[in-house]
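Asker: coordinates only, sequence not included:
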């Protein structure tokens, strides 16, 4: 956890309707040295944060439809935020379904002290990946998108009306910024975050 605190200044945000729960979880998070903001609903969060910021958002998965709509809005408005869903007694199947919907992790509210900080650690690792993706130039993002589609340098060069050498240079810059050992590693890192055009 020490590395996370040093790497970041990225906030942990909590959306929960119960004030007492917000106070308890904020105390635990702040005791670990994290910046924490709590909200009773989505509106306050979206007023304070936008697409240029990264962090972790903890929010309850109360209903399937409600969570679907909420996480879509979060991913569209604040793509740099990783979402940890709070779910009571979630089965393995339910947890997997929540993650397929876009949640980074699932934590039971009654056991959040045991589970939460491991999920936070993993989420902040993903934020590091987001920061690397955000550092790419617009052209590098286009090249990366084509690489993720399985296109080779010559195909990308034809598609973008550039020379193969230019595409090779862009690809080398992408690999360096993403700290990727090879193209397979690059693809894994990009997809681990759920890469989309940033």
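Answerer: Nice, I can see it. Since we're looking at a predicted model, the values are computed, not measured.

Asker: After the longest helix along the chain, which helix or strand is next?
Answerer: Longest helix in the chain, counting residues (DSSP state H): helix 112-134. Downstream of helix 112-134, the next assigned helix or strand under DSSP states H and E is helix 138-148.

Asker: how's the protein carved up into domains?
Answerer: Domain assignment of the chain by automatic domain parsing yields the ranges 2-126, 138-191.

Asker: lowest average confidence, helix or strand, in the chain?
Answerer: helix 2-7 (a mean of 36; mean pLDDT, DSSP states H and E).

Asker: now for the helix or strand just after that helix, which elements pack on it?
Answerer: Once the chain leaves helix 2-7, the next helix or strand it forms, by DSSP H and E, is strand 12-15. Packing partners of strand 12-15 (3 or more CB pairs under 8 Å, 6 or more residues apart in numbering; DSSP states H and E): helix 19-31, strand 36-39, helix 42-48, strand 54-60. The way it works is simple: take the backbone N, C-alpha and C, and place the C-beta from them, glycine included.

Asker: Provide the angle between the direction of the last one and the direction of helix 112-134.
Answerer: What that stands for is strand 54-60. 140 degrees (axes from the mean of the first three to the mean of the last three CA atoms, to 10 degrees).

Asker: Show me what the longest helix of the chain is packed up against.
Answerer: By 3+ CB pairs under 8 Å, 6+ apart, helix 112-134 packs against helix 2-7, helix 19-31, strand 54-60, strand 80-86, strand 105-107, helix 164-178, helix 183-193.

Asker: how about 7 Å then?
Answerer: Helices and strands touching helix 112-134, by 3 or more CB pairs under 7 Å, 6 or more residues apart in numbering; DSSP states H and E, are helix 2-7, strand 54-60, strand 80-86, strand 105-107, helix 183-193.
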